[in-house]
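Peer 1: For reference, the sequence and a predicted model appear below.
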Amino acid sequence: MCTVVIDVGDGGASRLLAVRDEDPQREWDHLGPWWPDTHPGVVGIRDRRAGGAWLAADLETRRLAVLLNRADVLELPEDRVHTRGSLALESVVGRSPVGALSMHGFNLLEVGPDAARVLSWDGAELIETPVPQGVHMIAHDGLDDPATARIARWLPEFRARTAHADDWEERWGDLLAASTELDPTDDAAIIRDNRPHGYPTQSLLCCLAEVGHAGVEVHEVPLPGN
């Protein structure tokens, strides 16, 4: 139940804030070049168990991808279901998912120097949603979905804080900090504790990134308690 805020500007240049929700017991590695043999030049947040990435960026191709889980209607035995961890890695080197997939549901946000889009898989259909110019949010449902409580609550405020100001990181960071006034179990919270909702996940990490023709910049921001 991760959350991403993205501002797509003129010419496709984009800035984003991504909050990762994961099981604290599942080991992972901080931002780094963890795949020199298979994906040279790619940096990302690595999941140690599956070897894939939650967020990945290719500095040469100037592409970035973030993976968010979503519900699905997949009807396959678990021993035939493939990990979603390869999606972000393959995306940034130009190999986006196509067709029917033997994976559980996801939203894959793909950001390049000219445009951004979301590829959504629900176990039955893969749908592409271009991300238009302006500020948007995505979590476990559709882009800017008002049925997602945190989007309904916070998207107007992120839009009110112009991300393309020089101090966009500070403005968005302050708003993210303000959002922690909500209880982390609240449906509208961005910094989350999903255990009461039946998921063993909590917000563990935040990344800030800029993607454009000048290149890709991405860095981590520690969250309280992590």
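Peer 2: Received, thanks.

Peer 1: Could you say which helix or strand holds the residue nearest to the spatial centre of the chain?
Peer 2: Centroid-nearest residue in the chain, with Cα atoms, centre = their mean: Val66, separated by 3.6 Å. Per DSSP states H and E, Val66 falls inside strand 63-69.

Peer 1: hmm, who's touching that strand?
Peer 2: 1-4, 16, 18, 53-58, 84-85, 87-89, 91-94, 104-113, 138-140, 209, 211, 216, 218 (Cβ atoms under 8 Å, 6 or more residues apart in numbering). Yep, even glycine has a C-beta here, placed from its N, CA and C like the rest.

Peer 1: ok, it: who's next to it in the sheet?
Peer 2: strand 53-58 (antiparallel), strand 106-111 (antiparallel) (DSSP bridges).

Peer 1: how about the CA coordinates for the first one, as CSV?
Peer 2: In this case it means strand 53-58. The C-alpha trace of strand 53-58 is given here as CSV (Å, rounded to 0.1, in the frame of the first residue of the first chain):
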residue,chain,number,x,y,z
ALA,A,53,13.5,-3.7,-6.8
TRP,A,54,10.7,-1.5,-5.3
LEU,A,55,12.2,1.6,-7.0
ALA,A,56,14.8,1.6,-9.8
ALA,A,57,16.5,4.3,-11.9
ASP,A,58,18.8,4.0,-14.9
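
Peer 1: starting at the chain centroid, how far to it?
Peer 2: 9 Å (Cα atoms, centre = their mean, to the nearest Å).

Peer 1: tell me which residues in that strand are buried?
Peer 2: 53-58 (16 or more other Cβ atoms under 10 Å).

Peer 1: what's the answer for stretch 26-39, then?
Peer 2: 28, 31, 34-35, 39.

Peer 1: a markdown table for those residues, including distance to Thr180?
Peer 2: What follows is the buried residues of stretch 26-39, written out as a markdown table (distance: Cβ to Cβ, whole Å):
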| residue | distance to Thr180 |
| --- | --- |
| Trp28 | 22 |
| Leu31 | 22 |
| Trp34 | 30 |
| Trp35 | 33 |
| His39 | 34 |
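
Peer 1: pLDDT value on Ser102, please?
Peer 2: Ser102 carries a pLDDT value of 86.

Peer 1: And the one 5 residues further on, by the same measure?
Peer 2: The predicted local confidence for Asn107 comes out at a pLDDT of 97.

Peer 1: That one contacts Leu119, correct?
Peer 2: Yes. Taking Cβ atoms under 8 Å as the definition, Asn107 is a contact partner of Leu119 at 7.5 Å.

Peer 1: higher neighbour count, these two?
Peer 2: Asn107 (24 against 20; other Cβ atoms under 10 Å).

Peer 1: Show me what that one is bridged to.
Peer 2: Leu68, Ser120.

Peer 1: Now for it: which residues touch it?
Peer 2: Contacts of Asn107 (Cβ under 8 Å, 6+ apart): 67-70, 118-120, 138-140.

Peer 1: Quick one: the residues you listed as CSV, columns for distance to Phe158 and pLDDT too.
Peer 2: As requested, the contacts of Asn107 are arranged in CSV below (distance: Cβ to Cβ, whole Å; pLDDT from 0 to 100):
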residue, distance to Phe158, pLDDT
Leu67, 21, 97
Leu68, 17, 96
Asn69, 22, 93
Arg70, 21, 93
Val118, 17, 98
Leu119, 22, 98
Ser120, 21, 97
Ile138, 12, 98
Ala139, 13, 96
His140, 18, 94
